[in-house]
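J.: Attaching a predicted model along with its sequence, questions to come.
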Amino acid sequence: MKACSAQAADSLRIGGLLPMTTLDYPDHLSCVLFCQGCAWRCRYCHNPELIAARGKAPHDWRSVLRFLQQRQGLLDAVVFSGGEATLQPALPEAMQAVRSLGFKVGLHSAGIKPAALERVLPWCDWVGFDVKGLEDQVELITGTPRSGQANWQSLRLLHDSGVDYECRTTVHWQLFDSGAVLRLAYRLARQGVRRFTVQLARPARMLDPTLGLSTAPPEAASLWLQLHGLFERFELREA
């Protein structure tokens, strides 16, 4: 495992660290490592500083390992988030190093590259999967050709892998209406998704400055009730 840690130390790019959270890995006390770099430009992105491949103030992997060693017995899990963590070649080694310290491994991903997601799934205990929308609307959100195909192909890989997961969709009401959210939820339920979270877009710090306040339509309350009936676990929260 020392070799794995050394390799990760040389190349894993971490743009931020959240020392403790109860939200980012359900029912687990965890910390979050925000990996630098993303190939998509989601219009409602509230972490634009993580999009570039290299950030201004990266965290050294060795210092992160020292932090984690001090949290053994206190935290349950380490979540690799982003950006898009799966784009980093050193991620499997970093996950193995985290496991060697006794932590569970969580991952937040949109499955930007299905093959990149597939190679790290063996080291994951849980995945929070970012479903951008139905395939035909994903490109309008990400600004990236064929992103809808990649997003849904990765979801199928995740579902078939047997790794525990939940799906999450960020909703900005200038990009979604209630009908689109409901159609998405029905498709997810038909594909076997049991846990679904809707994250309401934050009113500030979005990548696209033309997006205003995300004001919910009058029928939103009844929409959330319908979604509660579709899934084993449904949650509504701010992104």
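T.: Structure's in. What do you need?
J.: so where's the longest helix in this protein?
T.: helix 147-161 (DSSP state H).
J.: packing partners for it?
T.: The helices and strands touching helix 147-161, judged by 3 or more CB pairs under 8 Å, 6 or more residues apart in numbering; DSSP states H and E, are helix 114-120, strand 126-130, helix 135-142, strand 164-171. Heads up, the C-betas are built off the backbone N, CA and C, glycines and all.
J.: Serialize the ones you listed to TSV and add fields for mean neighbour count and distance to residue 201.
T.: Formatted as TSV, the helices and strands packed on helix 147-161 follow (neighbours: other CB atoms under 10 Å; distance: least, CB to CB, whole Å):
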stretch	mean neighbour count	distance to residue 201
helix 114-120	18	24
strand 126-130	22	13
helix 135-142	18	11
strand 164-171	21	6
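J.: Please produce CSV containing the ones you listed, extended by distance to residue 151.
T.: Below are those laid out as CSV (distance: least, CB to CB, whole Å):
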stretch, distance to residue 151
helix 114-120, 9
strand 126-130, 8
helix 135-142, 5
strand 164-171, 11
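J.: Among these, which comes closest to residue 17?
T.: Smallest distance to residue 17 across the helices and strands packed on helix 147-161 (CB to CB): 17.3 Å, for strand 126-130.
J.: So which elements touch that closest one?
T.: The contact analysis (3+ CB pairs under 8 Å, 6+ apart) places strand 126-130 against strand 104-109, helix 147-161, strand 164-171.
J.: winner for burial among those?
T.: Ranked by mean neighbour count under mean count of other CB atoms under 10 Å, the helices and strands packed on strand 126-130 are led by strand 104-109, which reaches a mean of 24.
J.: strands paired with that strand, and their directions?
T.: Taking DSSP bridges as the criterion, strand 104-109 sits next to strand 77-81 (parallel), strand 126-130 (parallel) in its sheet.
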